[in-house]
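A.B. asks: Predicted model, plus sequence, below.
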Amino acid sequence: MRVVPNTPLLWLVALAVIPATTMLVFFPAGAGRWAALLILAVVLAVAAVDMARSQGRLDELEVESPGLQRVTRGKECSLPLKFKNLGDETLPWLRFGLAVLPEFRVVGAVIREIAELPGQKAYPTSCELIPLKRGQYFFDDLFVEAPSHLGLWLTRRRYAIDVEFRVYPDLSSERRRLSGIFLHRGNEGGHAVRQVGKGREFEQLREYQHGDDYVDIDWKATARRGQPVTRTYQIERTQEVYVIVDHSRLSAREIRTPIDDPEESMAELSEYAEGGEFAITTQLERFLHCSLILSSVAERQGDLFGFISFADRVDRFIRSRSGANHYNIVRDALYTLEPKMVAPDFEQLMITLRQRLTRRALLVMLVDLSDPLTAEQFYESIPLISRQHLILVNMVRPEKAHPLFSPRREPESAAAIYENLGGHFQWSELGEIARKLGHLGVDLGLPEHEELCADTVTQYLNVKKRQLI
């Protein structure tokens with residue numbers, strides 16, 4: 001607790017103490033001297049008594065706050081606070097301020113005031129904040145000040161509030177692009193039924209009908225019954241889907257978005273803009289957005305969803321399950337992921353997947369293969385699991401990785417010609433890697449950063465439709 005001078009005390013010093021000391025200088029003896037000493041003594045006594053009485057002014061004040069706040073990056077949130085005056089004295093006013101982290105922005109005034117807090121009463125209030133960055137943050141301190149009994153001093157105290165903020169990625173733009181999948185307006189009032197079709201799980205035998213594929217005829221049953229018999233299969237409804245995210249050094253590659261893009265939040269544009277022209281994000285942010293979106297879609301499709309992250313080792317492995325609680329588990333596992341400045345260890349990843357994933361599953365791997373050495377290591381390691389699982393690989397297309405004579409990419413200067421030429425070579429190398437992976441049954445996608453979620457979900461739904469798992 002600290003006591004500092006208030007404005008009335010400063011006025012008292014200016015109007016009484018300074019003239020009194022001036023009188024001592026010009027009237028070193030006589031009545032003027034005694035009058036000046038009396039003024040100084042009265043002022044000092046009043047100030048000292050007021051300070052002594054106000055030492056415990058905030059001892060009866062308590063502050064209640066929630067222990068955990070789950071919020072979304074770039075969206076305004078509220079931190080509720082409750083001030084309780086457990087004493088009998090009325091506090092004429094209170095001022096309080098939150099020790100705000102640089103990853104947050106305060107909406108409105110930083111220092112706020114409560115008009116009056118009577119004894120044995122509570123006053124609820126809140127602080128509005130905008131989180132600017134994904135991650136886990138802790139607010140430890142709240143600073144409160146109140147006036148002394150005579151108003152000459154301000155009593156200040158620090159309160160420990162211990163609030164944890166979990167800032168999750170903002171998926172609003174991705175959900176707008178996939179609104180047709182999330183709304184399902186045509187399915188209202190429907191019932192879940194078992195579907196029979198071209199799957200892998202045997203359903204039953206039935207008599208041959210016109211149009212049945214000869215491949216589906218059960219020849220042994222046909223020989224026993226003396227008439228054609230067809231096998232039918234139950235469409236596989238529950239499949240395992242794993243998203244594997246690489247957060248090694250290449251995941252920190254920056255992605256620039258024009259600042260006039262309406263999909264970028266104002267928080268991002270104002271805090272992470274480069275030269276006022278581009279908003280900066282990273283490839284890892286897009287990977288995490290894609291993971292959460294695919295988790296929601298897999299749940300709606302009735303599949304089991306799992307999450308794996310790795311860099312130089314596998315650091316998060318969440319077994320595939322379904323349900324809202326499982327989605328929260330996945331979200332809590334990935335929202336603190338940050339790029340690690342290490343090279344990815346693909347061989348260790350493949351060994352872990354080979355040992356722990358015994359059932360055939362769809363593996364959606366979000367990795368960056370723009371580095372030729374990294375791409376070669378990935379190509380050498382992928383055969384360990386490519387025969388057991390169905391693998392889709394997606395990465396964000398590098399900014400310049402386009403064919404040399406692409407439309408709307410005409411060079412504007414001599415330097416741009418060389419940039420486009422380098423981008424053409426990179427595009428050619430990625431195409432060669434895609435062809436080599438295709439021979440192993442692995443699809444490599446190169447969508448633009450804003451299309452990563454939509455393309456990945458489309459690939460997943462095509463796999464479901466074609467019953468490839």
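C.D. replies: Sure, I can see it.
A.B. asks: If Pro147 is in a bridge, with which residues?
C.D. replies: Counting by DSSP bridges, Pro147 forms beta bridges with Leu154.
A.B. asks: Can you tell me the number of residues neighbouring it?
C.D. replies: 21 (other CB atoms under 10 Å). All C-beta spots, glycine's among them, are computed from the backbone N, C-alpha and C.
A.B. asks: now it: how far from Ser54?
C.D. replies: Pro147 sits 8 Å away from Ser54, going by CB to CB, to the nearest Å.
A.B. asks: dump the residue contacts of Tyr242.
C.D. replies: Phe305, Gly306, Phe307, Ile308, Ser320, Leu357, Ala361, Leu362, Leu363, Val364 (CB atoms under 8 Å, 6 or more residues apart in numbering).
A.B. asks: so the last one sits right up against Leu294, yeah?
C.D. replies: Yes. Between Val364 and Leu294 there is a contact under CB atoms under 8 Å: 6.5 Å.
A.B. asks: Overlap of the contact sets of the two?
C.D. replies: Listed contacts common to Val364 and Leu294 are Val241, Val243, Thr456, Tyr460; contacts here mean CB under 8 Å, 6+ apart.
A.B. asks: ok, which stretches of the stretch 251-400 of the chain are strands?
C.D. replies: Listed in chain order, the strands of the stretch 251-400 of the chain (DSSP state E, counting those that start in this stretch) span 254-258, 273-274, 278-282, 304-310, 314-321, 362-366, 390-394.
A.B. asks: can you redo these as JSON lines with mean pLDDT, distance to Gly97 and mean neighbour count?
C.D. replies: Output for the strands of the stretch 251-400 of the chain, formatted as JSON lines (pLDDT from 0 to 100; distance: least, CB to CB, whole Å; neighbours: other CB atoms under 10 Å):
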{"stretch": "strand 254-258", "mean pLDDT": "80", "distance to Gly97": "34", "mean neighbour count": "15"}
{"stretch": "strand 273-274", "mean pLDDT": "44", "distance to Gly97": "28", "mean neighbour count": "14"}
{"stretch": "strand 278-282", "mean pLDDT": "81", "distance to Gly97": "30", "mean neighbour count": "18"}
{"stretch": "strand 304-310", "mean pLDDT": "96", "distance to Gly97": "38", "mean neighbour count": "23"}
{"stretch": "strand 314-321", "mean pLDDT": "94", "distance to Gly97": "37", "mean neighbour count": "16"}
{"stretch": "strand 362-366", "mean pLDDT": "96", "distance to Gly97": "41", "mean neighbour count": "24"}
{"stretch": "strand 390-394", "mean pLDDT": "95", "distance to Gly97": "45", "mean neighbour count": "21"}
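A.B. asks: closest one to Asp213 among those strands?
C.D. replies: Of all those, strand 390-394 sits nearest to Asp213, with 22.7 Å by CB to CB.
A.B. asks: Could you check the one helix or strand Val46 maps to and say which residues are buried?
C.D. replies: Element membership of Val46 [criterion: DSSP states H and E] is helix 31-53. Neighbour counts using 16 or more other CB atoms under 10 Å place Ala36, Ile39, Leu40, Val43, Ala47, Asp50, Met51 of helix 31-53 among the buried residues.
A.B. asks: Same check on stretch 288-306?
C.D. replies: In stretch 288-306, counting by 16+ other CB under 10 Å, buried: 288-299, 301, 303-306.
A.B. asks: circling back: nearest to Phe26, out of the buried residues of helix 31-53: which one, please.
C.D. replies: Using CB to CB, Ala36 comes nearest to Phe26 of those, at 9.5 Å.
A.B. asks: give the contact list for the closest one.
C.D. replies: Contacts of Ala36 by CB under 8 Å, 6+ apart are Ala20, Thr21, Met23, Leu24, Phe27.
A.B. asks: Could you identify which of those residues has the most neighbours?
C.D. replies: So for those (other CB under 10 Å), the most neighbours sit at Ala20, 20 neighbours.
A.B. asks: list the contacts for that one?
C.D. replies: Ala20 neighbours (CB under 8 Å, 6+ apart): Ala35, Ala36, Leu37, Ile39, Leu40, Val43.
A.B. asks: Can I get the residues you listed in CSV including distance to Glu113 and pLDDT?
C.D. replies: What follows is those, written out as CSV (distance: CB to CB, whole Å; pLDDT from 0 to 100):
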residue, distance to Glu113, pLDDT
Ala35, 39, 85
Ala36, 38, 84
Leu37, 39, 86
Ile39, 33, 87
Leu40, 33, 88
Val43, 28, 89
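A.B. asks: among these, which two are most distant?
C.D. replies: Among those, Ala35 and Val43 lie farthest apart (CB to CB), at 12.8 Å.
A.B. asks: separation between the closest residue to Pro228 other than its chain neighbours and Lys220?
C.D. replies: Here the nearest residue to Pro228 in space, its sequence neighbours aside, is Tyr208; by CB to CB, 6 or more residues apart in numbering that works out to 3.3 Å. For Tyr208, the distance to Lys220 (CB to CB) stands at 14 Å.
A.B. asks: Quick check: which ranges of the protein have low pLDDT?
C.D. replies: Scanning the chain for pLDDT under 70 picks out 180-202, 234-237, 259-278, 407-409.
A.B. asks: Break it down into its structural domains.
C.D. replies: As assigned by automatic domain parsing, the chain contains the domains 2-53, 61-168, 240-466.
A.B. asks: Need those domains in TSV (columns: distance to Arg224).
C.D. replies: Listed next are the domains of the chain as TSV, based on distance: least, CB to CB, whole Å:
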stretch	distance to Arg224
domain 2-53	95
domain 61-168	60
domain 240-466	32
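A.B. asks: Asp212 is nearest to which of the ones you listed?
C.D. replies: Closest approach to Asp212 among the domains of the chain is made by domain 240-466 (19.3 Å; CB to CB).
A.B. asks: Among the buried residues of stretch 288-306, which are located in helices?
C.D. replies: Leu288, His289, Cys290, Ser291, Leu292, Ile293, Leu294, Ser295, Ser296, Val297, Ala298, Glu299 (DSSP state H).
A.B. asks: helix or strand right after whichever strand or helix holds Glu419?
C.D. replies: Using DSSP H and E, Glu419 falls within helix 414-438. Per DSSP H and E, the first helix or strand lying C-terminal to helix 414-438 is strand 443-445.
A.B. asks: Direction included, what does that following strand pair up with?
C.D. replies: Counting by DSSP bridges, strand 443-445 is paired with strand 390-394 (parallel).
A.B. asks: Let's see the strand it pairs with as CSV, backbone CA atoms only.
C.D. replies: Below are the C-alpha coordinates for strand 390-394, written out as CSV (Å, rounded to 0.1, in the frame of the first residue of the first chain):
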residue,chain,number,x,y,z
LEU,A,390,-4.6,-42.3,-46.9
ILE,A,391,-2.5,-39.1,-46.9
LEU,A,392,-3.3,-35.6,-48.0
VAL,A,393,-0.5,-33.0,-47.9
ASN,A,394,-1.3,-29.3,-48.0
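A.B. asks: just how off-centre is that strand within its chain?
C.D. replies: From the chain centre to the centre of strand 390-394 is a distance of 24 Å (CA atoms, centre = their mean, to the nearest Å).
A.B. asks: can you check stretch 327-345 too?
C.D. replies: Relative to its parent chain, stretch 327-345 has a centroid offset of 11 Å by CA atoms, centre = their mean.
A.B. asks: got the contact list for it?
C.D. replies: Around stretch 327-345, the neighbours that count as contacts under CB under 8 Å, 6+ apart are 134-136, 166-169, 245-252, 282, 284, 288, 291-292, 295-296, 299, 305, 307, 309-313, 316, 318, 367, 374, 377.
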